[in-house]
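K.L.:
Got a sequence here, can you build the structure:
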Amino acid sequence: MPKRQRQSGNKKGKQSNFAKLSIFQPNRYKFKKSCPLSIKGAPEIDYKNIKLLRKYMSENGKILPSRITNVCQKKQRELSLSIKRARNLALI
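P.N.:
The predicted structure is shown next:
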């Protein structure tokens, strides 16, 4: 007698549930967010501009990462340096 192959609960010709999930399919609608500090007319990053620096800090005083704030790498370095200077001078 030939052995019968077991099917894992799926009927013939049907795809598994994993193939239907969107997380396994490539995302076609990706768009890049622009850096809010690199656009035209953006405020200059300075340790004296406390209002701007507070936007990029958490409630506990930690610097927010660029993946959350969408700041480019160059501006993130300037931002972190300015925040550290303002902390050192006790402006924040």
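K.L.:
What residues does Y47 make contact with?
P.N.:
Taking Cβ atoms under 8 Å, 6 or more residues apart in numbering as the criterion, Y47 is in contact with L53, S82, I83, R85, A86, L89, L91. Bear in mind the C-beta positions are built from the backbone N, C-alpha and C, glycine included.
K.L.:
can you check L53 too?
P.N.:
Y47, L79, S82, I83, A86, I92.
K.L.:
low-scoring stretches of the protein, by residue?
P.N.:
Along the chain, the parts satisfying pLDDT under 70 run over 1-31.
K.L.:
Go through the chain and flag its longest helix.
P.N.:
Identified as the longest helix of the chain according to DSSP state H is helix 73-88.
K.L.:
got a list of contacts for it?
P.N.:
Outside helix 73-88, the residues that touch it by Cβ under 8 Å, 6+ apart are 35, 37-38, 45-50, 53, 56-57, 61, 63, 66, 69, 71, 92.
K.L.:
Identify those among those residues that sit within helices.
P.N.:
The helices, defined by DSSP H, take in I50, L53, S66, T69 from these.
K.L.:
Buried only: go through those for me.
P.N.:
In the ones in helices among the contacts of helix 73-88, burial by neighbour count holds for L53, S66, T69, counting by 16 or more other Cβ atoms under 10 Å.
K.L.:
Next, work out how far apart the first one and L79 are.
P.N.:
Plainly put, L53 is 7 Å away from L79 if you go by Cβ to Cβ, to the nearest Å.
K.L.:
Next: P36.
P.N.:
11 Å.
K.L.:
Determine the residues that are contacts of both of the two.
P.N.:
Here P36 and L79 have V71 as joint contacts, going by Cβ under 8 Å, 6+ apart.
K.L.:
of the two, who's got more company?
P.N.:
The residue with more neighbours, out of P36 and L79, is L79; 22 against 15, by other Cβ atoms under 10 Å.
K.L.:
what about stretch 66-78, start to end distance?
P.N.:
End-to-end span of stretch 66-78 (Cα to Cα, to the nearest Å): 12 Å.
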